[in-house]
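Asks: need the 3D shape of this:
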Amino acid sequence: MPDQLVHTRVLPERTARFSDWPEQTPQEFVDAVGSTGVTQPFEHQVAAANHALQGRHVVLATGTASGKSLAYQLPVAVDVAEGFSTALYLAPTKALGADQLASWQYLSEHGVSGLRPAAYDGDTDPSSRAWAREHANVLVTNPDMLHVGILPNHGGWAKFFRNLKYVIVDEAHTYRGVFGSHVAVVLTRLRRICASLGNHDAVFIGASATSSAPAESFSKLIGSSAVSVEEDTSGHGEVVVGFWESEFSAATGEHGAPLRRSLVATGADMLSDLAVNTIRSVAFIRSRRGAEAMAQMVKRNLAEIDPSLPGRAAAYRAGLLPEERRDVEERLNNGKLLAVSTTPALELGIDIAGLDGVVVAGWPGTRASFFQQLGRAGRSGQRSLALYVAGDDPMDTYLVNHPQAVFDLAVEDNVIDAQNPHILSAHLCAAAAEIPLQPDDLADFGDPDHIRHIVEDLTAAGYLRRRPAGWYWTHEQHAAAMISLRDAGSGPMQIIDGETGAVLGSIGSEQAHSQTHPGAVYVHQGRTWVVDDLDEEHATVVVLRAEPEYFTQARDVTDVEILSEDARFYSDQDQFAWVHGPVKVTNQVVSYQRKDIASGQVIDEEPLDLSARELFTQAVWFTAPSDQFVAAGLTTDRLPGALHAAEHAMIGMMPLVASNDRWDIGGVSLVLHPDTEAPTVFVYDGYPGGVGFATRGFSHAATWITATMEAIENCDCPDGCPSCVQSPKCGNRNSPLDKAGAVLVLRFAAQALSRAVSVPPEMQQ
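Replies: Residues are numbered from 1 along each chain as shown. Okay, here's the model as predicted:
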């Protein structure tokens, strides 16, 4: 067994348990489902369907390929057959929506009478949209279109909303962080519009990956109490899971730090080997750039073996044009593709059958996502292989050495904050544009006093106008169109080929400075461009075709100002404080580096003239006097590098307790912070108002700090590397960093925290 394979685990075969169809199930539905080979439902499918039929909000939280679709299709078929009810199906991605539309259409075409499904998303042409508004009783869409295209035009959907019986929220576990917080308020707006039409009875059905508290998470998302069905009674083939930690390569990174062989290269080799052996496989990687680069490497590998094979490999990611997505999905389904490198876009419930192998290149962020990706293999009951390749990241280092944290702990629950003032403010404007806000409406959105304060601020700022009948949106702008559900900025920016004018894709405005600044390399379907112009006023990025032998990485500077404290733990013995509260973060992208593709070596650095951005958000921080850290074993000259290294590692490890993406958060460390007048380490939410990550980190301090310390100690590099204390987005070029010093800082923090006590608000500084 190679040294890189550090752990194997066999997920045993599971025998299915079946149940009888509910008494009211139409025979035509049984026959239509039977034509797909399903003759009996699983126990969990019937349990979830019965909850919905009895009017209870329910979330079905079971594994990939456990047949969650049937659990919500069944009650819809019952009610559509009995009367004039309608159903709204929400998917987090267009690809999943298209897949589910095909499933609904199959039922309609195979005898389920009265079922009229239709899609309504950004790819739907005008005539099909008109038909959907007039005739569809099962509407397949996504939260983005519901938010910006349907709710603001609810007058044209009055009949549909008046008869809305079921709202299906598929892949509910993906609604977390800023996206989940936005969607929670969108669903409140939906319920409000239905209520205005006299419909108070819509039942919400969630389909989710397993989580530690699915009923609690789903209840937060829909704003009403829900029950859960969690025992998976479907059958599944045996899956052999291997944990792989790549060896250090000959190349070195910044300051001579050793580099492990890259996720892209390792994943490409694994995917190539599987394809050569005709094992149809998918490799998941977090970034668009990684998915594209991996597909390119796989094609080169396969070309060396058989000239006919490169055409059987492809990349799949968000940002592809609709026809490109459909083509990859179809070719993967019919077996024409053997190897697909993908972002988590293919993680969701798209029905791709017959996969025998899965490569998970880098920790996907949550255990829920990890098991969803693993579940892609073995869907047809066959024995299959899954490989998790640890990346250069503290979280990966920790998990590859602590597999029990993956397999033996409960899957995390989602973090959302639907009371985030930044998110609520925008949606209250959208709600007022839909139907004027009444005083009695405020409680629908949360705590009435909190909501009234926000509404009054919006009124004072001129966004809303108070009249006797309520608060009105009085501006010409489309209120909902000013909100992007998936990032904190003003909406996506279009990436345009400067030579042809073709739209290549899109990017969130918050990522534009760091990823599409002038001079940045942009990759799309294996081809590369260089950014010629970033036009924020017109939300466009102009790129020119090029084939550089380098990639680019932005550099920034960040300052944090403490605004107040919401909670504090303090150890008088150690003079140590662990604090949570609002902060102002000022960030500016100041330059970018060109790095050699093959070695990662820095070629040069170019300055950038981009504006600074201010972010008002939530943070967690710790602080203690310098002499306390010296007493813990440090010297004053080592303190900057020790604090900096600890900050990097804590950012990398926060997903263990907060189910966030590493790029959702940021951090700063200073030997003398102007507000605390002492050494301080901050970790903050990367979204206006915060979305709960810092709050979760504050409340799970001991687990977070201890795991971070262990991740650094488990890394076998001598002085620090990307697997432990180096950060891919460090604004200070990963200097200074002191790996051993970070362990001393974190050990001191863990011990001091064990002695700390909560400080009452009136005694906080």
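Asks: all helices for the stretch 351-500 of the chain, in order.
Replies: 367-374, 394-401, 404-407, 421-434, 448-460 (DSSP state H, counting those that start in this stretch).
Asks: dump these to TSV, plus distance to L274.
Replies: The way it works is simple: take the backbone N, C-alpha and C, and place the C-beta from them, glycine included. Formatted as TSV, these follow (distance: least, Cβ to Cβ, whole Å):
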stretch	distance to L274
helix 367-374	15
helix 394-401	20
helix 404-407	22
helix 421-434	42
helix 448-460	52
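Asks: could you dump those to CSV with mean neighbour count?
Replies: Listed next are the helices of the stretch 351-500 of the chain as CSV, based on neighbours: other Cβ atoms under 10 Å:
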stretch, mean neighbour count
helix 367-374, 23
helix 394-401, 26
helix 404-407, 14
helix 421-434, 22
helix 448-460, 15
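Asks: so for A707, which of these sits nearest?
Replies: Set against A707 and scored by Cβ to Cβ, the helices of the stretch 351-500 of the chain come closest in helix 394-401, at 5.7 Å.
Asks: relative orientation of that closest one and helix 367-374 in degrees?
Replies: Put simply, helix 394-401 runs at 70 degrees to helix 367-374, going by axes from the mean of the first three to the mean of the last three Cα atoms, to 10 degrees.
Asks: keeping just the C-alphas, turn helix 394-401 into CSV.
Replies: Provided in CSV are the C-alpha atoms of helix 394-401 (Å, rounded to 0.1, in the frame of the first residue of the first chain):
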residue,chain,number,x,y,z
PRO,A,394,-5.1,23.0,7.5
MET,A,395,-8.6,21.5,7.4
ASP,A,396,-7.5,18.8,4.9
THR,A,397,-4.4,18.1,7.0
TYR,A,398,-6.5,17.6,10.1
LEU,A,399,-9.2,15.4,8.5
VAL,A,400,-6.9,13.1,6.6
ASN,A,401,-5.2,12.4,9.9
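Asks: what about that helix, distance to the chain center?
Replies: Distance of helix 394-401 from its chain centroid, counting by Cα atoms, centre = their mean, to the nearest Å, is 19 Å.
Asks: counting contacts, what elements does it pack onto?
Replies: strand 5-11, strand 239-245, strand 384-390, helix 404-407, helix 639-653, helix 655-658, helix 701-714 (3 or more Cβ pairs under 8 Å, 6 or more residues apart in numbering; DSSP states H and E).
Asks: re the thing from before, mind checking which of the helices of the stretch 351-500 of the chain is nearest Q24?
Replies: Among the helices of the stretch 351-500 of the chain, helix 367-374 sits nearest to Q24 (Cβ to Cβ), with 31.7 Å.
Asks: next, the angle strand 5-11 makes with the closest one.
Replies: Using the same axes, to 10 degrees: helix 367-374 against strand 5-11 is 80 degrees.
Asks: pLDDT on helix 367-374, on average?
Replies: Helix 367-374 comes out with an average pLDDT of 85.
Asks: between that helix and strand 384-390, how many degrees?
Replies: 140 degrees.
Asks: just checking, what packs against helix 367-374?
Replies: Other helices and strands packing on helix 367-374, by 3+ Cβ pairs under 8 Å, 6+ apart, are strand 357-361, strand 384-390.
Asks: put the alpha carbons of the last one into CSV.
Replies: It stands for strand 384-390. Output in CSV follows, covering the C-alpha atoms of strand 384-390 (Å, rounded to 0.1, in the frame of the first residue of the first chain):
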residue,chain,number,x,y,z
SER,A,384,-17.4,1.3,-6.2
LEU,A,385,-14.4,3.3,-5.3
ALA,A,386,-14.1,6.8,-3.7
LEU,A,387,-10.8,8.6,-3.0
TYR,A,388,-10.5,11.7,-0.9
VAL,A,389,-7.3,13.6,-1.7
ALA,A,390,-6.2,16.1,1.0
